[in-house]
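[1] what follows is a predicted structure for the sequence shown.
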Amino acid sequence: MNVGDEGPVKELRDQIMKLGKKVAESKAAVKTEEATKMAFVLPFIRALGYEDSNPEELEPEYGADAPGKKGLKVDYAVKKDSHPIMLIECKSCTSNLGDHNDPQLFHYFSTTAADNDCDIFCILTNGIRYRFYTDLVKKNVIDQSPFLEFDITDVNEATIDELAKFHKLFFQTERIKSWATEVKCSDEIADIIKRAFDDLDDDFVKFFVKKMSKKIPLSKKDLRDRVRNSLRKFIGDKRPIEIGSNSKFPEKTNKNDQSPEWTKPELIEYLGGTTPYQKLLLSALVQAEKEPATTKIVTSLMNEIAKRYPSEKTNKVISGRDIAGARSGLKMRRKPLGKEDIIDAFYSKEKKDHFFKIKEPYKQIVLDWVKARKLWIREDA
């Protein structure tokens, strides 16, 4: 956003953060789809600058008939210049969106885009999780996967910047499509690079070895690690692989992090403002029997804690992506405070997994906090 846009973006940030807190606190009391729309979805639409009382900007029960399918209606159509620009399909907040990748959304999108001869975006939401789709692959055919997805109770600064593109004041179809294309391509390329780093091809390693001026006698494994470390250094990834040994937990994940440590009162206050996913992550990390804990162990513990304590339930199966989202949210909150991360994390190419643990100076404080919140599930409590 431009400097002149800071006011609307700040207002958007405040409203989304406020809504996220409201959703986290009241979702257990919202039981139906209609209640979800009124309590969670309409405030979200208003946060983006659209007036729900203005039929020129928001049309409920928007007709989206398809050939052979009459009477189809999408929950909301956000409009600009009398044309739909966003279709919003809502589910109850008690629903898991994973159960709703159904043809209904695809009919709405294809029919509306074709009938209006315009580019549109489609949002699928249960009032907690939001998925944004468009037709990047084939014209008027909605993509199989979203280009943007987030949890309203666990947003970070990057998500706010992305949402601002859909605000009434900033909405530009071509700009959003260009950005969405970049996101989809970058994600796919990043996935390819990650897989390549995890399992470097022998021919790829040999290419670099042949170019080296001095042939240093190293094992095939060590050569592969050297190439991987050099590539990471070149692209700005500073996490080295330990050569010639099993990957071990580093003393500090980021040696350049000179942020001051937390005092106990500061940390307790910081923990008091955590979102449900952040609570579950911290609770899981202090209850892992082995440190550092793998992604699989952490997600398993998070799901078990959510299951045992409905007050923190998240309406979906928690995955590694949710760990990343929770960590990003924690970072966003501590950044203005100038404090260090309380979580150590690293990636092991040998294990092909991420590892996490609470830093030692803070482990007992977090552990006591988790027990005080009654989120402890280990039998040795």
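    Looks like it came in fine.

[2] this protein: strands as residue ranges?
    Per DSSP state E, the chain carries strands over the ranges 58-63, 73-80, 83-90, 121-125, 129-133, 148-151, 293-294, 343-348, 353-358.

[3] how about TSV for the ones you listed, with distance to residue 306 and mean neighbour count added?
    Any C-beta I mention is one placed from the backbone N, CA and C, and that applies to glycine too. Below are these laid out as TSV (distance: least, CB to CB, whole Å; neighbours: other CB atoms under 10 Å):
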stretch	distance to residue 306	mean neighbour count
strand 58-63	33	16
strand 73-80	27	20
strand 83-90	23	21
strand 121-125	20	24
strand 129-133	14	22
strand 148-151	13	21
strand 293-294	17	20
strand 343-348	19	19
strand 353-358	17	20
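
[4] to residue 223, which of those strands lies closest?
    Among the strands of the chain, the nearest to residue 223 by CB to CB is strand 343-348 (18.5 Å).

[5] just give me the neighbour total for the closest residue to residue 373 other than its chain neighbours.
    Distances taken as CB to CB, 6 or more residues apart in numbering put residue 279 closest to residue 373, at 7.1 Å, once the chain neighbours are dropped. Residues near residue 279, counting by other CB atoms under 10 Å, number 23.

[6] surely residue 279 and residue 374 touch.
    No: the criterion here is CB atoms under 8 Å, and residue 279 misses it with residue 374 at 11.3 Å.

[7] for the strands of the chain, give me a markdown table that also has mean pLDDT.
    What follows is those, written out as a markdown table (pLDDT from 0 to 100):
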| stretch | mean pLDDT |
| --- | --- |
| strand 58-63 | 90 |
| strand 73-80 | 91 |
| strand 83-90 | 92 |
| strand 121-125 | 93 |
| strand 129-133 | 93 |
| strand 148-151 | 91 |
| strand 293-294 | 92 |
| strand 343-348 | 88 |
| strand 353-358 | 91 |
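
[8] quick one: contacts for the nearest residue to residue 126 once chain neighbours are set aside?
    Leaving aside its chain neighbours, residue 126 sits nearest to residue 91 (4.5 Å; criterion: CB to CB, 6+ apart). Listed by CB atoms under 8 Å, 6 or more residues apart in numbering, the contact partners of residue 91 are 33, 36, 97, 100, 124, 125, 126.

[9] for residue 91, give its distance to residue 212.
    57 Å (CB to CB, to the nearest Å).

[10] neighbours of residue 230, how many?
    So residue 230, with other CB under 10 Å, has 11 neighbours.

[11] give the contact list for it.
    Per CB under 8 Å, 6+ apart, neighbours of residue 230: residue 208.

[12] okay, it: pLDDT?
    Note on residue 230: pLDDT of 75.

[13] how does this structure divide into domains?
    3-180, 199-245, 264-372 (automatic domain parsing).

[14] of those domains, which is nearest residue 186?
    Among these, if distance is taken as CB to CB, the winner is domain 3-180, at 10.3 Å.

[15] now do the lengthiest helix in the chain against strand 121-125, angle only.
    What stands out as the longest helix in the chain, according to DSSP state H, is helix 173-198. Relative orientation of helix 173-198 versus strand 121-125 (axes from the mean of the first three to the mean of the last three CA atoms, to 10 degrees): 60 degrees.

[16] what's helix 173-198 packed up against?
    helix 220-235 (3 or more CB pairs under 8 Å, 6 or more residues apart in numbering; DSSP states H and E).

[17] one more pass at 6 Å, please.
    Contacts defined by 3 or more CB pairs under 6 Å, 6 or more residues apart in numbering; DSSP states H and E place helix 173-198 against no helix or strand at all.

[18] relative to strand 73-80, how tilted is it?
    Going by the same axes, to 10 degrees, helix 173-198 makes 110 degrees with strand 73-80.

[19] may I see the buried residues of helix 173-198?
    176, 177, 180, 183, 184, 197 (16 or more other CB atoms under 10 Å).

[20] how close does the fourth one sit to residue 149?
    Distance of residue 183 to residue 149, computed by CB to CB: 11 Å.

[21] can you report phi and psi for the residue nearest to residue 126?
    phi -120, psi 160 (degrees, to the nearest 10).

[22] that one and residue 154, how far apart?
    19 Å.
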